[in-house]
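Peer 1: structure of the sequence below:
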Amino acid sequence: MPFRIVNLDEQAVYKSCTTEILADQVVTYEKLAVGAVQSDSIEDGSISAVKLAPDVFGAGLVANGTTNAIDLNADNVTIEISSNLVQVKAGGINQTHISLTGNIDFNNYEVLNLRVENVTSDPTPGNAGRLIWRTDLNQLKVDDGTAFTSIGSGSGGHIIEDEGTPLTQRATLNFVGSGVTVTDNGSKSVVTIPGGGGVGSYGKDLVVVVNPLDKTIVLSNTPLSNSEVVSWNGLILKPGVSNDYTISGSTVTLNSGVTLTIGDELQVVYAY
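Peer 2: Sure thing, here's the model as predicted:
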(Lines give C-alpha, C1' and ligand atoms only; values in the text may rest on other atoms or scores of the structure.)
Protein backbone atom coordinates (compact mmCIF):
# COMPACT_ATOMS: atom_id res chain seq x y z
CA MET A 1 0.00 0.00 0.00
CA PRO A 2 1.23 3.60 -0.53
CA PHE A 3 3.35 5.18 2.22
CA ARG A 4 5.24 8.43 2.82
CA ILE A 5 9.04 8.56 3.33
CA VAL A 6 9.69 10.70 6.37
CA ASN A 7 12.67 12.06 8.40
CA LEU A 8 14.58 12.97 5.20
CA ASP A 9 15.63 16.36 3.99
CA GLU A 10 12.63 17.32 1.95
CA GLN A 11 14.85 19.30 -0.42
CA ALA A 12 16.79 16.14 -1.16
CA VAL A 13 13.82 13.86 -1.72
CA TYR A 14 10.73 15.89 -2.50
CA LYS A 15 9.81 18.84 -4.55
CA SER A 16 6.60 18.83 -2.60
CA CYS A 17 5.85 17.54 0.87
CA THR A 18 2.59 16.15 -0.40
CA THR A 19 4.18 13.76 -2.86
CA GLU A 20 3.51 10.08 -2.16
CA ILE A 21 5.67 7.35 -3.70
CA LEU A 22 4.98 3.63 -3.88
CA ALA A 23 7.56 1.55 -2.06
CA ASP A 24 8.28 -0.76 -4.98
CA GLN A 25 9.15 2.29 -7.10
CA VAL A 26 11.73 3.59 -4.64
CA VAL A 27 13.31 0.89 -2.51
CA THR A 28 13.89 -2.74 -3.47
CA TYR A 29 15.78 -4.91 -1.01
CA GLU A 30 17.37 -1.84 0.57
CA LYS A 31 18.49 -0.48 -2.79
CA LEU A 32 17.15 2.17 -5.06
CA ALA A 33 14.83 0.63 -7.56
CA VAL A 34 15.53 0.98 -11.28
CA GLY A 35 14.23 4.35 -12.43
CA ALA A 36 13.79 5.63 -8.87
CA VAL A 37 15.99 8.70 -9.53
CA GLN A 38 14.80 10.77 -12.48
CA SER A 39 15.29 14.31 -13.70
CA ASP A 40 12.70 15.68 -11.25
CA SER A 41 13.64 13.40 -8.32
CA ILE A 42 16.52 15.57 -6.95
CA GLU A 43 15.91 19.18 -6.02
CA ASP A 44 18.24 21.75 -7.56
CA GLY A 45 21.18 22.45 -5.25
CA SER A 46 20.37 19.51 -2.97
CA ILE A 47 23.80 17.87 -3.57
CA SER A 48 26.95 20.04 -3.41
CA ALA A 49 30.45 19.23 -4.56
CA VAL A 50 31.73 18.71 -1.04
CA LYS A 51 29.12 15.93 -0.55
CA LEU A 52 30.73 13.89 -3.32
CA ALA A 53 33.55 11.61 -2.28
CA PRO A 54 36.91 12.07 -4.16
CA ASP A 55 36.79 8.53 -5.53
CA VAL A 56 33.84 9.57 -7.67
CA PHE A 57 36.21 11.51 -9.90
CA GLY A 58 39.52 9.69 -9.78
CA ALA A 59 42.96 11.31 -9.64
CA GLY A 60 42.44 13.43 -12.75
CA LEU A 61 39.32 15.31 -11.57
CA VAL A 62 38.77 17.55 -8.52
CA ALA A 63 35.59 18.87 -6.92
CA ASN A 64 35.67 22.66 -6.73
CA GLY A 65 34.08 23.53 -3.37
CA THR A 66 33.67 27.18 -4.35
CA THR A 67 31.95 26.86 -7.72
CA ASN A 68 30.55 23.33 -7.27
CA ALA A 69 32.21 22.50 -10.60
CA ILE A 70 34.29 19.44 -11.42
CA ASP A 71 37.77 20.69 -12.38
CA LEU A 72 40.53 18.94 -14.31
CA ASN A 73 43.55 18.25 -12.13
CA ALA A 74 46.32 19.64 -14.44
CA ASP A 75 49.85 19.68 -13.05
CA ASN A 76 50.56 23.07 -14.71
CA VAL A 77 54.02 21.80 -15.57
CA THR A 78 53.45 19.64 -18.64
CA ILE A 79 49.66 20.12 -19.00
CA GLU A 80 47.62 23.29 -18.66
CA ILE A 81 44.07 24.52 -19.22
CA SER A 82 43.67 27.48 -21.56
CA SER A 83 40.29 28.83 -22.74
CA ASN A 84 38.61 25.59 -21.66
CA LEU A 85 41.17 23.59 -23.66
CA VAL A 86 43.48 21.00 -22.13
CA GLN A 87 46.85 21.35 -23.85
CA VAL A 88 50.52 20.51 -23.48
CA LYS A 89 52.25 23.47 -21.91
CA ALA A 90 55.04 25.22 -23.82
CA GLY A 91 58.29 23.50 -22.87
CA GLY A 92 56.35 20.83 -20.98
CA ILE A 93 57.86 17.99 -23.00
CA ASN A 94 61.62 17.72 -23.43
CA GLN A 95 64.15 14.97 -24.10
CA THR A 96 63.56 13.43 -20.67
CA HIS A 97 59.91 12.76 -21.58
CA ILE A 98 60.64 11.20 -24.99
CA SER A 99 61.96 7.67 -25.32
CA LEU A 100 62.22 6.22 -28.83
CA THR A 101 62.21 2.45 -29.11
CA GLY A 102 61.35 2.24 -32.80
CA ASN A 103 61.67 4.00 -36.14
CA ILE A 104 59.81 7.19 -37.03
CA ASP A 105 58.24 7.34 -40.50
CA PHE A 106 58.17 10.93 -41.77
CA ASN A 107 56.29 9.85 -44.90
CA ASN A 108 58.65 11.86 -47.15
CA TYR A 109 58.25 15.05 -45.12
CA GLU A 110 61.28 17.19 -44.36
CA VAL A 111 63.10 17.35 -41.04
CA LEU A 112 63.72 21.06 -40.62
CA ASN A 113 66.56 22.72 -38.71
CA LEU A 114 68.19 19.34 -38.03
CA ARG A 115 71.65 19.42 -36.50
CA VAL A 116 73.94 16.39 -36.87
CA GLU A 117 75.61 15.14 -33.70
CA ASN A 118 78.70 17.29 -33.01
CA VAL A 119 81.80 15.48 -31.67
CA THR A 120 85.55 16.05 -31.51
CA SER A 121 86.44 12.37 -31.91
CA ASP A 122 84.82 9.33 -33.47
CA PRO A 123 82.43 7.46 -31.13
CA THR A 124 82.48 3.67 -30.92
CA PRO A 125 81.16 2.37 -34.28
CA GLY A 126 78.55 -0.35 -34.71
CA ASN A 127 75.36 1.56 -35.61
CA ALA A 128 75.44 1.64 -39.41
CA GLY A 129 74.08 4.90 -40.81
CA ARG A 130 74.79 7.05 -37.75
CA LEU A 131 75.99 10.52 -38.77
CA ILE A 132 78.44 12.71 -36.88
CA TRP A 133 80.05 16.08 -37.53
CA ARG A 134 83.71 16.29 -36.52
CA THR A 135 84.02 19.86 -35.31
CA ASP A 136 87.80 19.56 -35.10
CA LEU A 137 88.06 18.54 -38.76
CA ASN A 138 84.98 20.29 -40.21
CA GLN A 139 84.09 16.89 -41.60
CA LEU A 140 80.87 14.87 -41.97
CA LYS A 141 81.31 11.15 -41.22
CA VAL A 142 79.06 8.08 -41.26
CA ASP A 143 79.25 4.82 -39.32
CA ASP A 144 79.53 1.94 -41.82
CA GLY A 145 79.09 -0.59 -39.02
CA THR A 146 82.78 -1.05 -38.28
CA ALA A 147 84.24 2.46 -38.53
CA PHE A 148 83.36 6.09 -39.19
CA THR A 149 84.28 7.11 -42.74
CA SER A 150 84.29 10.56 -44.29
CA ILE A 151 81.34 11.26 -46.55
CA GLY A 152 82.42 12.34 -50.00
CA SER A 153 85.97 11.08 -49.84
CA GLY A 154 85.10 7.50 -50.88
CA SER A 155 87.43 4.55 -50.97
CA GLY A 156 89.40 6.05 -53.85
CA GLY A 157 89.94 9.46 -52.29
CA HIS A 158 93.28 11.03 -51.45
CA ILE A 159 94.84 10.94 -48.02
CA ILE A 160 96.54 14.32 -47.84
CA GLU A 161 99.73 14.55 -45.84
CA ASP A 162 102.25 17.30 -45.29
CA GLU A 163 105.53 15.40 -44.91
CA GLY A 164 103.71 12.59 -43.12
CA THR A 165 101.32 14.77 -41.11
CA PRO A 166 97.68 14.08 -42.14
CA LEU A 167 95.67 17.06 -43.32
CA THR A 168 91.90 17.48 -43.59
CA GLN A 169 90.44 15.55 -46.52
CA ARG A 170 88.62 17.61 -49.13
CA ALA A 171 86.56 16.68 -52.16
CA THR A 172 88.74 18.93 -54.36
CA LEU A 173 92.53 19.14 -54.25
CA ASN A 174 93.94 22.02 -56.28
CA PHE A 175 97.65 22.76 -56.70
CA VAL A 176 98.48 26.30 -57.72
CA GLY A 177 101.88 27.57 -58.80
CA SER A 178 104.20 27.94 -61.72
CA GLY A 179 105.86 24.69 -62.78
CA VAL A 180 103.64 22.37 -60.68
CA THR A 181 103.21 18.99 -62.41
CA VAL A 182 101.24 15.88 -61.47
CA THR A 183 101.81 12.35 -62.71
CA ASP A 184 99.68 9.28 -61.94
CA ASN A 185 100.81 5.70 -62.38
CA GLY A 186 97.56 4.05 -61.34
CA SER A 187 98.61 3.36 -57.78
CA LYS A 188 99.73 6.80 -56.70
CA SER A 189 99.78 10.43 -57.79
CA VAL A 190 102.99 12.44 -57.54
CA VAL A 191 102.82 16.22 -57.40
CA THR A 192 106.06 17.93 -58.32
CA ILE A 193 106.47 21.43 -56.88
CA PRO A 194 109.82 22.86 -57.98
CA GLY A 195 111.89 24.10 -55.06
CA GLY A 196 109.16 23.52 -52.48
CA GLY A 197 107.68 21.00 -50.10
CA GLY A 198 110.86 20.63 -48.05
CA VAL A 199 112.58 18.45 -50.69
CA GLY A 200 116.16 19.34 -51.56
CA SER A 201 116.13 18.73 -55.32
CA TYR A 202 114.33 17.05 -58.17
CA GLY A 203 115.91 14.94 -60.89
CA LYS A 204 114.85 13.78 -64.33
CA ASP A 205 116.89 11.08 -66.06
CA LEU A 206 116.19 10.17 -69.69
CA VAL A 207 117.51 6.96 -71.25
CA VAL A 208 117.25 5.98 -74.94
CA VAL A 209 117.34 2.21 -75.34
CA VAL A 210 120.32 0.88 -77.28
CA ASN A 211 120.34 -2.68 -75.98
CA PRO A 212 116.76 -4.03 -75.51
CA LEU A 213 118.10 -6.75 -73.23
CA ASP A 214 119.47 -4.23 -70.74
CA LYS A 215 116.54 -3.45 -68.45
CA THR A 216 118.35 -1.49 -65.76
CA ILE A 217 118.41 2.27 -65.35
CA VAL A 218 121.07 3.72 -63.09
CA LEU A 219 119.91 7.14 -61.93
CA SER A 220 122.14 10.14 -61.33
CA ASN A 221 120.92 10.34 -57.71
CA THR A 222 119.21 8.09 -55.18
CA PRO A 223 115.49 8.99 -55.15
CA LEU A 224 113.54 9.60 -51.98
CA SER A 225 111.28 6.67 -51.15
CA ASN A 226 108.21 6.47 -53.42
CA SER A 227 109.00 9.74 -55.14
CA GLU A 228 109.97 8.28 -58.52
CA VAL A 229 107.74 8.21 -61.59
CA VAL A 230 108.97 5.89 -64.35
CA SER A 231 107.63 6.22 -67.90
CA TRP A 232 108.22 4.13 -71.02
CA ASN A 233 107.57 6.00 -74.26
CA GLY A 234 105.25 8.25 -72.26
CA LEU A 235 103.41 5.32 -70.60
CA ILE A 236 103.57 5.49 -66.80
CA LEU A 237 104.87 2.23 -65.35
CA LYS A 238 103.62 0.70 -62.12
CA PRO A 239 106.07 -0.21 -59.34
CA GLY A 240 106.18 -3.63 -57.70
CA VAL A 241 107.56 -7.14 -58.24
CA SER A 242 104.32 -8.29 -59.85
CA ASN A 243 103.95 -5.08 -61.89
CA ASP A 244 106.38 -3.20 -64.17
CA TYR A 245 109.55 -2.39 -62.23
CA THR A 246 111.40 -2.48 -58.93
CA ILE A 247 113.83 0.08 -57.51
CA SER A 248 116.76 -0.37 -55.17
CA GLY A 249 118.85 2.62 -54.24
CA SER A 250 119.52 4.48 -57.49
CA THR A 251 118.88 1.47 -59.76
CA VAL A 252 115.54 0.88 -61.51
CA THR A 253 115.03 -2.64 -62.90
CA LEU A 254 112.28 -3.32 -65.43
CA ASN A 255 110.37 -6.58 -65.02
CA SER A 256 110.04 -9.28 -67.67
CA GLY A 257 106.65 -8.01 -68.77
CA VAL A 258 108.26 -4.89 -70.29
CA THR A 259 109.66 -5.71 -73.76
CA LEU A 260 112.02 -3.01 -75.01
CA THR A 261 113.03 -2.14 -78.54
CA ILE A 262 115.88 -0.01 -79.83
CA GLY A 263 115.01 3.69 -79.62
CA ASP A 264 112.50 3.39 -76.78
CA GLU A 265 112.65 6.26 -74.28
CA LEU A 266 112.71 5.58 -70.56
CA GLN A 267 112.29 8.58 -68.26
CA VAL A 268 112.46 8.74 -64.48
CA VAL A 269 111.36 11.83 -62.55
CA TYR A 270 112.13 11.81 -58.82
CA ALA A 271 113.00 13.79 -55.74
CA TYR A 272 116.27 13.34 -53.85
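
Peer 1: tell me which residues in stretch 235-253 are buried?
Peer 2: By neighbour count on 16 or more other C-beta atoms under 10 Å, the buried set for stretch 235-253 is 236-237, 239, 244-245, 247, 250, 252. Quick note: C-beta positions are derived from backbone N, CA and C, even for glycine.

Peer 1: could you do stretch 70-83 as well?
Peer 2: Buried residues in stretch 70-83, counted by 16+ other C-beta under 10 Å: 74, 79-80.

Peer 1: report how many residues lie close to Asn113.
Peer 2: 5 (other C-beta atoms under 10 Å).

Peer 1: so who does it touch?
Peer 2: With contacts taken as C-beta atoms under 8 Å, 6 or more residues apart in numbering, Asn113 has no neighbouring residues.

Peer 1: next, give me the two most distant ones among the buried residues of stretch 235-253.
Peer 2: Ile236 and Ser250 (19.9 Å; C-beta to C-beta).

Peer 1: so which strand or helix has the residue nearest to Lys204 when sequence neighbours are not counted?
Peer 2: Distance criterion C-beta to C-beta, 6 or more residues apart in numbering; nearest residue to Lys204, sequence neighbours excluded, is Val269 at 4.9 Å. Using DSSP states H and E, Val269 sits in strand 265-271.

Peer 1: buried residues in that strand?
Peer 2: Within strand 265-271, the residues that count as buried by 16+ other C-beta under 10 Å are 266-271.

Peer 1: so which residues of the protein form helices?
Peer 2: 10-13, 23-26 (DSSP state H).

Peer 1: hey, least reliable of those by pLDDT?
Peer 2: Of all the helices of the chain, mean pLDDT reaches its minimum on helix 10-13 (a mean of 44).

Peer 1: list the contacts for Ser83?
Peer 2: Applying C-beta under 8 Å, 6+ apart, no residues qualify as near Ser83.

Peer 1: show me where pLDDT drops low in the stretch 51-200 of the chain?
Peer 2: Within the stretch 51-200 of the chain, the stretches with pLDDT under 70 are 51-60, 63, 65, 68, 152-164, 167-172, 176-178, 185-189, 194-200.

Peer 1: now the end-to-end length of stretch 110-120.
Peer 2: 27 Å (C-alpha to C-alpha, to the nearest Å).

Peer 1: sorry, slip of the keys, the one I care about is stretch 209-227.
Peer 2: Per C-alpha to C-alpha, stretch 209-227 runs 23 Å from first to last residue.

Peer 1: tell me which residues in it are buried?
Peer 2: Neighbour-count burial for stretch 209-227 [16+ other C-beta under 10 Å]: 209, 215, 217, 219, 223, 227.

Peer 1: leaving out sequence neighbours, find the closest residue to the second one.
Peer 2: Okay, so that is Lys215. Nearest non-adjacent residue to Lys215 (C-beta to C-beta, 6+ apart): Leu254, at 3.9 Å.

Peer 1: wait, the one you found touches Val268, no?
Peer 2: No: using C-beta atoms under 8 Å, Leu254 is not in contact with Val268, being 11.1 Å away.

Peer 1: residues shared between the contacts of the two?
Peer 2: Joint contacts of Leu254 and Val268 (C-beta under 8 Å, 6+ apart) are Ile217.

Peer 1: contact partners for the residue nearest to Lys204?
Peer 2: Val269 touches 183, 190, 192, 202-204, 228-229, 231, counting by C-beta under 8 Å, 6+ apart.

Peer 1: go through the residues you listed and name the one nearest Glu43.
Peer 2: Of the contacts of Val269, the one sitting nearest to Glu43 (C-beta to C-beta) turns out to be Val190, at 104.0 Å.
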